[in-house]
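Novice: Provide a 3D model corresponding to the input given below.
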Amino acid sequence: MQDKHRQVITGWQLFCLTLNGVVATGVFSLARDVAEVAGAGALVAIPLTGVVMLVKLVGIHLLANRFPEQTLNEYSYQLLGPVLAKVYLLIYGLLSLAVAISIPRAHFPLVTAWALGLTPKIAFMAPLAIVCWNVVKRGVVVTARVVEMFNYGGLALMLLLMVPVIPVDLDFVRPVFEQGPASIMRGIVPALFAFSGFDVYLIVFPYVRSKRKFWIGAAAVGMATLFYTVTTFLIIGNLGLEFTLLSTWPLQSYLNRFSLAVFERADVVFLIAWIFQVINATIVVMFVAVSCLQGTFPRVRPSFIHYLLLALSLAGVAYPIYSVLEAQIMGTYSLVAIAFLGGTPWLLWLLALLRGKRGGESDAQKDAA
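Specialist: Coordinates of the predicted model:
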């Protein structure tokens, strides 16, 4: 990551980073995970999760906007002191690293089940992790440009998925409130993990050349919410609630019925093409992880942090773990994420407000000027 805070990221790149940090492997099982709790009410629970994420974005924006020329690594020390700041950044970095590891791990069973059944796990995930790490270690500019470049393909796939090629049976989606408001509210919890990842907004804020940063971030969260809601609507509307709950990956079951003239097997084509979106999302959360770890250990050489991140990423993607246990870990992460990543920006902003702390130019910025 660059030391001098030159504003080198465009508003469009901020949109790409925020959107691509969110949309990844969660879409493949999101309809089933939320419908298990909320039934057809998943069509309400998912938009409500988007609202929760917008509230989280407000807290992130208020905090970052109070220190517009400083990074989280700098003002967290001003607000919390050296010890608590290190603990905060370390937890933040480790949570982001956990997501960076879980994204390719979640995609691998899909690839093996639908396309590459004999491919060893390490042969698929290790190159993916190395590619993402190689982008991240080159700094914020390269990271933003690569994510922007890959975004066009991912955005095209998202828009394609929202096309109702297969007729929707409205009888499958009408009983939205059948299981009651309480079930809909509980359905927010399994949806949280699918929405995690846009915290990169907080990390790259000082580098963005735009005065409409909040609205850019809100548009990205809105786009992710729309995508998840529409695809869930199409999945339940085509498969029915019962078949959706029985499917391991309901999106792939839906795509198996999805056919266009140019796609003989839309499910396999989409699954392989979506790897670029998986790379994008992994790059984003890995960038957050390395940024926070550098803030935790400011006296350690950045190259050491980068290689440590690579070693942890490779160990994480290669470590054998049962899918059931992995799902439990991700469920726990969702709860931790909403409590920590969603709550701490609000707490830090309130602390800055009460203590009258406001960001100014750092020495690095003055030198850059």
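Novice: Please make it C-alpha for all contacts and neighbour counts, starting now.
Specialist: Will do.
Novice: Surely S253 touches L246?
Specialist: No: using CA atoms under 8 Å as the test, S253 is too far from L246 to be in contact (10.4 Å).
Novice: Please say which of the two ends up with more neighbours.
Specialist: The residue with more neighbours, out of S253 and L246, is S253; 18 against 11, by other CA atoms under 10 Å.
Novice: what about the closest residue to that one other than its chain neighbours, distance to L30?
Specialist: Counting by CA to CA, 6 or more residues apart in numbering, S247 is the residue found nearest to S253 once chain neighbours are left out, at 7.1 Å. S247 sits 11 Å away from L30, going by CA to CA, to the nearest Å.
Novice: intersection of neighbour lists for those two?
Specialist: Counting by CA atoms under 8 Å, 6 or more residues apart in numbering, no residue touches both S247 and L30.
Novice: Settle it for me: which of those two has more neighbours?
Specialist: Per other CA under 10 Å, whichever of S247 and L30 has more neighbours is L30, with 25 against 16.
Novice: Helix or strand: which one has the more buried one?
Specialist: Using DSSP states H and E, the element containing L30 is helix 26-38.
Novice: Keeping just the C-alphas, turn that helix into CSV.
Specialist: As requested, the backbone C-alpha atoms of helix 26-38 are provided in CSV (Å, rounded to 0.1, in the frame of the first residue of the first chain):
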residue,chain,number,x,y,z
GLY,A,26,-22.5,-16.1,-1.5
VAL,A,27,-25.0,-15.9,-4.3
PHE,A,28,-24.8,-19.7,-5.0
SER,A,29,-26.5,-20.8,-1.8
LEU,A,30,-28.0,-17.5,-0.5
ALA,A,31,-31.6,-18.3,-1.6
ARG,A,32,-31.5,-21.7,0.3
ASP,A,33,-29.7,-20.3,3.4
VAL,A,34,-32.2,-17.5,3.9
ALA,A,35,-35.3,-19.5,2.8
GLU,A,36,-34.4,-22.2,5.4
VAL,A,37,-35.2,-19.5,8.0
ALA,A,38,-37.6,-17.2,6.3
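Novice: Return the list of helices and strands in contact with it.
Specialist: Here helix 26-38 touches helix 42-66, helix 180-186, helix 188-195, helix 213-239, helix 241-246, helix 250-257, going by 3 or more CA pairs under 8 Å, 6 or more residues apart in numbering; DSSP states H and E.
Novice: Among these, show me which one is buried the most.
Specialist: Mean neighbour count, computed with mean count of other CA atoms under 10 Å, is highest for helix 188-195 among the helices and strands packed on helix 26-38, reaching a mean of 24.
Novice: Dump it to CSV, keeping only the CA atoms.
Specialist: What follows is helix 188-195, C-alpha atoms only, in CSV (Å, rounded to 0.1, in the frame of the first residue of the first chain):
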residue,chain,number,x,y,z
ILE,A,188,-31.1,-11.4,8.0
VAL,A,189,-28.4,-13.4,9.9
PRO,A,190,-27.6,-16.0,7.2
ALA,A,191,-27.6,-13.2,4.6
LEU,A,192,-25.0,-11.2,6.4
PHE,A,193,-22.0,-13.1,5.1
ALA,A,194,-23.0,-12.7,1.5
PHE,A,195,-23.0,-8.9,2.1
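Novice: between that helix and helix 213-239, how many degrees?
Specialist: 120 degrees (axes from the mean of the first three to the mean of the last three CA atoms, to 10 degrees).
Novice: This completes my enquiry, with thanks.
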